[in-house]
Each structure stands twice: as structure tokens, then as C-alpha cells.
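>>> Return atomic coordinates for the entry below.
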Amino acid sequence: MDINLLNLDFLGDLNKIIENEKAVITKVQYEQFVGNNDIELTEILENSYFSFVSKLDGNGAGNDLVNHPFIINLLNSSVKQKDKDLKKIVLSFCAFVLTAGTKNSKMHQWKRRNYSDSLMQIVKDVESNECETWITNFRERLDTKHNN
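Predicted structure coming up:
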């Protein structure tokens, strides 16, 4: 067998290993976060998180992260249903997202910081004592921020 074919096979196998490790890291990050924040583990939330991380790790500027459905899915999956608890979850997520994902270039760091800062500002602006109203107001602020 040609040495170049062996190298290609090796590189292909190595790439599969790296992709599997990224998936494992992403799943562990997700499970630790939801476990630490009294969030109900659901398949929808997990799929949404994987989609979110894919965008977070992508090469784009991240302008569409603010409207990604993960944060709303996260809030809807919260076991705790008081506005202060929802704020705490979002603020916890803001800290968590700074190290989430598997890429760590300057652009990815900036994208995570920008997203985190945007969420923190929205949390400061949202007021309501009812859970559903708080989530609705939060979602509206996300939409407004995205469209401005």
C-alpha cells in the first residue's frame, strides 16, 4: 500500500477522533451547566444547545446568536419559575458561555463576550414578576436587540 494512502487514512481517522472528542466536550459542558442550574434535561434542549455551539464555534460574526432559540428553550426548561431564578440562570449562562464551545481564537472569544454582554444587558432591562411574562419580555428584548 502506498505511504500517501496510509497518511490519508491516518488523517481521516484522526479527524474522526477529534470530531468525536469535540462532541463529547460539548455534551459534558451542556450536562454540567443544566445540572448546576436546575434545568430539566430534554432532547429538544440538548439539540438546541448543540446547534447553538455549532454557531458559536462557526466562523461568522455571531450576529444571529442573540436570536438563537437555545436561551429561550433553556428558560422554558427551568425547574425554577420565578423571575429572579430566571435572571440567575441567564447570568449563569452569560458566565458559562465565555468558555463554551470548542474553538478559542480571538474572534471566538470576542463573539462569546459580545453575546454574553448582550444577554446581560437584556436581563437588566427586563421587568416582570411572572415567569411567562418575564420570558416573553426577554424574548421581545432579544428580537428588538437583533433588529436594531
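
>>> for this structure, which spans come out with low pLDDT?
Applying pLDDT under 70 to the chain flags the ranges 1-6, 128-129, 144-148.

>>> Find the residue at the geometric middle of it.
Residue closest to the average C-alpha location in the chain (Cα atoms, centre = their mean): F52, at 4.8 Å.

>>> got the contact list for that residue?
Applying Cβ atoms under 8 Å, 6 or more residues apart in numbering, we find F52 in contact with L65, H68, F70. Where you see a C-beta, it was placed from the backbone N, CA and C, and this is true even at glycine.

>>> want to try JSON lines for those residues, with distance to Q81 and secondary structure as columns?
Converted to JSON lines, the contacts of F52 look like this (distance: Cβ to Cβ, whole Å; DSSP: H, G, I helix; E, B strand; the rest coil):
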{"residue": "L65", "distance to Q81": "25", "secondary structure": "coil"}
{"residue": "H68", "distance to Q81": "22", "secondary structure": "coil"}
{"residue": "F70", "distance to Q81": "19", "secondary structure": "helix"}
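
>>> Leaving out the residues flanking it, which one is nearest to D117?
Closest residue to D117 apart from its sequence neighbours, by Cβ to Cβ, 6 or more residues apart in numbering: C94 at 7.9 Å.

>>> just checking, that neighbour touches L119?
Yes: between C94 and L119 there is a contact under Cβ atoms under 8 Å: 5.1 Å.
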